[in-house]
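K.L.:
predicted model and sequence follow; I will ask about them next.
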Amino acid sequence: MADLELPYDKHSKESILNYARHLLGKSLWDIHPEARQVQSGKGGLGNAVEKYHFGYEPNSISEADFADAGVELKCTPLKRLPDGSMVSKERLVLNMIDYVEESKKNFHESSFWKKNQLILLMFYLHEEFKLPFDELFKIIRLWNFPEADLKIIKDDWTVIHNKILAGKAHELSEGDTFYLAACTKGSKAGAEMREQPYSTEKAPQRAYSIKSKYINSIILDSLKHPEMFSDVFMSDKQRKKIEKTLADTESVVRDVKDYREGESFEQLIERKFQRFYGKTIAEIETELNVNFGQAKSMAYNVCRAILGIKKDKIAEFEKAGVAVKTIRLEQNGNLKEAMSFPNVNYKEIVEEDCWENSALYEMFTQRFLFVIFRKPEVKDDKQVRLEKVMFWTMPVEDLKYGRILWEDTQLKVQLGNYEYFMKTADNPVCHIRPKAQNAADTTEGAQGFQVKKMCYWLNREYVKTLIK
DNA sequence: GCATGATCATGC
DNA sequence: GCATGATCATGC
């Protein structure tokens, strides 16, 4: 198709955006009935939008889709939560990582930066039993990363790059990074392997991706701009809730000048905590003029206070999905308790098709911030001292024990056996134990009858060794 | 009411 | 001291 025939100016990002907006509030089939001839599955919508709406053949070039305007097109699904709000259905998968080629580049030469500096995001609402071609576009906008976020993304890219340079591409994990991640990509997770430059070991094929929590922050931001969305709110109540969420979040770093020379986001956070190491809760409370409140929210409140956040939520932690966890040590350095995680969802686990797509996998591949306290001899809970904080992600070699727990649990739930889940002694990393209000507090099992509530735990000894 | 983070209680 | 079972407390 000759350029002159294109209904937009391919050199102009504004023109491309304006033309994309014809789809806002509509489905592809609504305005391109001729596209009914295609019915391919995954990725089909993106390809069909390129072909039928924008009038060019889908490609797999290393440049952005609209090379002349430097705009990369991405169609990505939203899902509705039970409360009616819309969130990203999944991470946003970008280009494949060629470990060999990428190892030779710096950030600005990287395939990630070349392709994804400016993204035309077209969010459509996923609905069960509907083909994507028939689903409605709800948010359409251009996106480039704000300076403070780009700093974290560069740090993330460097973490991925350094692992490739160290011959450890096979140990990459989504939990290694904050916003930009190396996610597995292929017909079957882990099935397709690729060469890496500094090791003979083959590494699972991975692509750059933006974490779904970060995408959620883009969705929220879009709702501040009426021209970017169509028919998103179901009620005033919901609109107010979103306004509140937007108003209740605050960034740690508002100016990239806050970083010291060569410092990463992670190092900046650790630096801010360091001067409080060894201090009691009461001392930190006095010094910062705050009250940390009760156990459940204490660790997050400590983070907020020390990082200087006045509002409810720490923006960077929300966007990266950092899970803040408290660890309490006895005087001798032993853990007071194992570390608990959300409940086993019996109905869900029997439906999960593989370990990599399981809820437990998602929990265990998060980036964690451990806030570690140590107990003195006195018996006053408030007198625990802040020992240190540390970011952590479960190493790939330990994830296999997560898989063992998941496989064992799924099988037992399928068989209706709710009595003998894996215990501490059965698995070096994780186990399952009851967790309920009381003995009468039960939940529906996969077979429909009421069973005990259980939750996932990281073993006490395991956590002890990893914080050393 | 329920999910979640954390802690208590008991027995070996 | 630790594993295991059970429960408390908070926030939405």
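P.N.:
Structure received.

K.L.:
look up phi and psi at the residue of the stretch 251-400 of chain A found nearest DNA strand C.
P.N.:
Closest to DNA strand C within the stretch 251-400 of chain A is A:Gln294: 3.4 Å, counting by C-beta to the nearest atom of the strand. For the C-beta atoms, the positions are set from N, CA and C on the backbone; glycine is no exception. The phi and psi values for A:Gln294, taken as degrees, to the nearest 10, are phi -80, psi 170.

K.L.:
what is the burial count for A:Ser222?
P.N.:
By other C-beta atoms under 10 Å, the residues close to A:Ser222 number 21.

K.L.:
buried set for stretch A:275-286?
P.N.:
A:Phe276, A:Thr280, A:Ile281, A:Ile284, A:Glu285 (16 or more other C-beta atoms under 10 Å).

K.L.:
near DNA strand C at all, that stretch?
P.N.:
No. If you take C-beta under 7 Å from any atom of the strand as the test, stretch A:275-286 misses DNA strand C, and the best it gets is 14.8 Å.

K.L.:
ditto for stretch A:432-447
P.N.:
Yes. Stretch A:432-447 comes into contact with DNA strand C (C-beta under 7 Å from any atom of the strand), by way of A:Arg433, A:Pro434, A:Lys435, A:Ala436, A:Gln437, A:Asn438, A:Ala439.

K.L.:
gap between the fifth one and A:Thr443?
P.N.:
Looking back up the chat, that one is A:Gln437. Separation of A:Gln437 from A:Thr443 (C-beta to C-beta, to the nearest Å): 11 Å.

K.L.:
my guess is A:Ile140 contacts A:Met122. True?
P.N.:
Yes. A:Ile140 lies in contact with A:Met122 (C-beta atoms under 8 Å); the separation is 5.1 Å.

K.L.:
list residues touching both of those two?
P.N.:
Residues touching both A:Ile140 and A:Met122 by C-beta atoms under 8 Å, 6 or more residues apart in numbering: A:Ala20, A:Leu23.

K.L.:
the one residue in the stretch 101-250 of chain A that gets nearest to DNA strand B: what's it in contact with?
P.N.:
Ranking the residues of the stretch 101-250 of chain A by distance to DNA strand B (C-beta to the nearest atom of the strand) places A:Lys213 first, at 13.6 Å. For A:Lys213, the contact set (C-beta under 8 Å, 6+ apart) comprises A:Glu318, A:Lys319, A:Ala320, A:Gly321.

K.L.:
tell me which of those residues is nearest to DNA strand B?
P.N.:
A:Gly321 (11.1 Å).

K.L.:
just the strands in the stretch 1-150 of chain A please.
P.N.:
A:72-80, A:86-88, A:92-96, A:119-125, A:137-143 (DSSP state E, counting those that start in this stretch).

K.L.:
which of the ones you listed sits most buried?
P.N.:
strand A:119-125 (a mean of 23; mean count of other C-beta atoms under 10 Å).

K.L.:
partner strands of that strand, with direction?
P.N.:
strand A:72-80 (parallel), strand A:137-143 (antiparallel) (DSSP bridges).

K.L.:
so who does the closest residue to A:Lys347 other than its chain neighbours touch?
P.N.:
Closest residue in space to A:Lys347, ignoring its immediate chain neighbours: A:Ala446 at 5.6 Å, by C-beta to C-beta, 6 or more residues apart in numbering. Counting by C-beta under 8 Å, 6+ apart, A:Ala446 makes contact with A:Tyr346, A:Lys347, A:Ile349, A:Val350, A:Val413, A:Gln414, A:Gly416.

K.L.:
from these, which is closest to A:Leu335?
P.N.:
Of all the contacts of A:Ala446, A:Leu335 sits closest to A:Ile349, with 26.8 Å by C-beta to C-beta.

K.L.:
surely the closest one is in contact with A:Gln410?
P.N.:
Yes. The pair A:Ile349 and A:Gln410 qualifies as a contact (C-beta under 8 Å) at a distance of 5.2 Å.

K.L.:
from A:Ala439, how far out is the spatially most central residue of chain A?
P.N.:
Nearest to the geometric centre of chain A sits A:Lys211, at 3.9 Å (C-alpha atoms, centre = their mean). Taking C-beta to C-beta as the measure, A:Lys211 falls 39 Å from A:Ala439.

K.L.:
go on, A:Pro146?
P.N.:
According to C-beta to C-beta, A:Pro146 and A:Ala439 sit 51 Å apart.

K.L.:
and these two? Which one has more around it.
P.N.:
Taking other C-beta under 10 Å, A:Pro146 and A:Ala439 do not tie; A:Pro146 has more neighbours (11 against 8).

K.L.:
list the contacts of the more buried one.
P.N.:
Contact partners of A:Pro146, counting by C-beta under 8 Å, 6+ apart, are absent.

K.L.:
could you report the separation of it from DNA strand C?
P.N.:
26 Å (C-beta to the nearest atom of the strand, to the nearest Å).

K.L.:
what does A:Ser212 give?
P.N.:
Distance from A:Ser212 to DNA strand C, by C-beta to the nearest atom of the strand: 19 Å.

K.L.:
which bits of the stretch 301-450 of chain A sit near DNA strand B?
P.N.:
A:323, A:325-326, A:328, A:336-343, A:381, A:435, A:437, A:443.

K.L.:
follow-up on the earlier one: who has more neighbours out of A:Gln437 and A:Thr443?
P.N.:
A:Thr443 (15 against 8).

K.L.:
tell me how many other residues crowd the closest residue to DNA strand B within the stretch 151-300 of chain A.
P.N.:
Using C-beta to the nearest atom of the strand, A:Ala295 is the residue of the stretch 151-300 of chain A that sits closest to DNA strand B, at 3.6 Å. When counting by other C-beta under 10 Å, one arrives at 10 neighbours for A:Ala295.

K.L.:
for A:Asn357, find the nearest of the strands paired with strand A:119-125.
P.N.:
Short answer: strand A:72-80, nearest of those by C-beta to C-beta, at 15.1 Å.
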